[in-house]
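Engineer: Sequence and predicted model, in that order:
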Amino acid sequence: MADRTVSVAEPILGDEEHENVEAVLDSGRFLQGPMVEEFEQKWADFVGVDHAVAVSNGTTAIQLTLNAIGLEPGDEVIVPSLTFGSTATAVVHQAGVPVFADIDRELYTLDHTDLERCLSDRTEAVMPVHLYGHPAEMDEIVAFADEHDLYVIEDAAQAHGARYKGDVVGSIGDAGCFSFYATKNITTGEGGIVTTDNDAIAEQVRLLRSHAMSDRDHHVELGYNYRMSDINGAIGTAQVDRLEEFNARRREISERLLSELADQEWLEPATVRDYVDHAYFWAPIEIDTEVTGMSGKEVREALLERGVETRHRYVDPLYDQPVFENHRGFNSEFPWSVNDADHDYDLSLPNVEAVAGNTLGLPNHPGLDEADVDYVIETLREFGETL
Ligand SMILES: Cc1ncc(COP(=O)(O)O)c(C=O)c1O
């Protein structure tokens, strides 16, 4: 039996979240309303954009943004191969085609030097992911997009409050998409938001999220019910006020973990560029499986037995996921069949192949105290001694 158990993620909810939710419940009005509006305004101010439009989750935020930039069936969006599935499935929901790029070997984010290979005359957008909270290399990605007249959509689902050269992520591309799922740096339970300075994108996302109704009687195009309820908004508006404080604590814990474990031969702490503020959704380490003689999954299990919970993702490159490998969707091969000639998912990209399955995220949420952090460091050191 381990001395203690240190969890990898926990939502932290205070009095304000409870009071706000109670006020919504007492009002008898749970639908999208004033709490969602307040949350949107605060998020737009925080990110530094003209518009923030709340939706049901991060996946629908991406889907509606792709619609709003004018994506048509068969259009292509370049995405990194190491990310949560919905970065790419949201492209397919919009009848687009995800094209998988390699990742930067040090940062794990989209490798801008692989963009040229992914380009075709159907490419409409590039979607970098600020993976684990580290911003992608935006200068190079935006320059490439400008040169080829592409939209840049930031998948910022893991990077609330991260900054790239001083700019808050979600304000750098044409639009940013966030998730407020329960494990994220701040949460609404389930929720998402689109940030943009582009009036037309914001207006289209607002229209589509609520059945594309121009008024009570008219559906002007194919809309969705992707609204956020006021119960979720009530949690979100209180959480935004606490994000900087949460992130400061995440940073403190993560920097301590990564620096104090840097001498361990069996792991490599993640690289952090000096021009970013990392949001540390994860405190990532890469396992050297030659030294451990164990897979990432086995290391995760060994640490769990010792009371340290870790994240272990992403195990396979996205192009190896059955959904993409076997073209499973819409009960047919649509939409991959649209551009058959361009698409080969029989890929093996060197950097993502080297990393997939070998990264672990250490416990770093702001609810941990110093004794928890000490325990994580001691446990990993003791594990290192067994190798
Ligand atoms: C990188 C990334 N993109 C998109 C999403 C989708 O967000 P949601 O789960 O809110 O739909 C996630 C969710 O975890 C994510 O990590």
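Structural biologist: Everything's here; your move.

Engineer: For the protein, list the residues in contact with the ligand, please.
Structural biologist: 57-59, 83-84, 86-87, 129, 155, 157-158, 179, 181, 192 (Cβ under 6 Å from any ligand atom). Every C-beta, even on glycine, is put in place using the N, C-alpha and C of the backbone.

Engineer: just the helices in this protein please.
Structural biologist: 15-27, 34-47, 58-68, 86-93, 115-118, 138-148, 199-209, 230-240, 243-260, 289-292, 296-305, 322-325, 350-355, 370-385 (DSSP state H).

Engineer: sorry, back to before: keep only those of the residues of the chain next to the ligand that are in strands.
Structural biologist: Judged by DSSP state E, these include Asp155, Ser179, Gly192 as members of strands.

Engineer: quick one: which of the residues you listed is most hemmed in?
Structural biologist: Within these, most neighbours by other Cβ atoms under 10 Å means Asp155, with 32 neighbours.

Engineer: Nearest residue to that one in space, please, no chain neighbours.
Structural biologist: Residue nearest to Asp155 in three dimensions, not counting chain neighbours: Val129, with 4.2 Å by Cβ to Cβ, 6 or more residues apart in numbering.

Engineer: ok, now Glu137?
Structural biologist: His112 (5.4 Å).

Engineer: Tell me which residue of the chain lies closest to the ligand.
Structural biologist: With Cβ to the nearest ligand atom as the measure, Gly58 is the residue of the chain nearest to the ligand, at 2.5 Å.

Engineer: wait, doesn't that residue sit right on Tyr181?
Structural biologist: Yes. With contact defined as Cβ atoms under 8 Å, Gly58 reaches Tyr181; the gap is 6.8 Å.

Engineer: give me the number of residues near the residue of the chain closest to the ligand?
Structural biologist: 27.

Engineer: tell me the contacts of it?
Structural biologist: Taking Cβ atoms under 8 Å, 6 or more residues apart in numbering as the criterion, Gly58 is in contact with Ser86, Asp155, Ala157, Cys177, Phe178, Ser179, Phe180, Tyr181, Gly192.

Engineer: swap the cut-off to 10 Å and go again
Structural biologist: 84, 86-87, 90, 155-158, 177-181, 184, 190-194 (Cβ atoms under 10 Å, 6 or more residues apart in numbering).

Engineer: Contact partners for the residue most central in space within the chain?
Structural biologist: Taking Cα atoms, centre = their mean, the centroid of the chain lies closest to Ala157, which sits 2.9 Å from it. Counting by Cβ under 10 Å, 6+ apart, Ala157 touches 57-59, 61-62, 83-84, 86-87, 129-131, 176-181, 184, 192, 281.

Engineer: Then Gly161?
Structural biologist: Per Cβ under 10 Å, 6+ apart, neighbours of Gly161: 46-47, 133, 168-170, 185-186, 240, 243-244, 246-248, 250-251, 277-281.

Engineer: so what are the domain limits for this structure?
Structural biologist: Using automatic domain parsing, the domain parsing of the chain gives 15-242, 243-314+357-385.

Engineer: From Leu347, how far out is the residue nearest to the centre of the chain?
Structural biologist: 23 Å (Cβ to Cβ, to the nearest Å).

Engineer: And for Ala68?
Structural biologist: Where Leu347 is concerned, Ala68 sits at a distance of 29 Å (Cβ to Cβ).

Engineer: more crowded one of those two?
Structural biologist: Neighbours per residue (other Cβ under 10 Å) separate Ala68 from Leu347, with Ala68 holding more: 26 against 19.

Engineer: What residue, apart from its backbone neighbours, is nearest the more buried one spatially?
Structural biologist: Excluding the flanking residues, the one nearest Ala68 by Cβ to Cβ, 6+ apart is Gln204, at 3.8 Å.

Engineer: repeat for Gly170
Structural biologist: Going by Cβ to Cβ, 6+ apart, Gly170 has Gly176 as its nearest residue, at 2.8 Å.

Engineer: Find me whatever residue is spatially closest to Thr60, sequence neighbours aside.
Structural biologist: Tyr226 (4.1 Å).

Engineer: That neighbour: neighbour count?
Structural biologist: A total of 21 residues lie near Tyr226 under the criterion other Cβ under 10 Å.

Engineer: okay, it: pLDDT?
Structural biologist: Here, the pLDDT recorded for Tyr226 equals 98.
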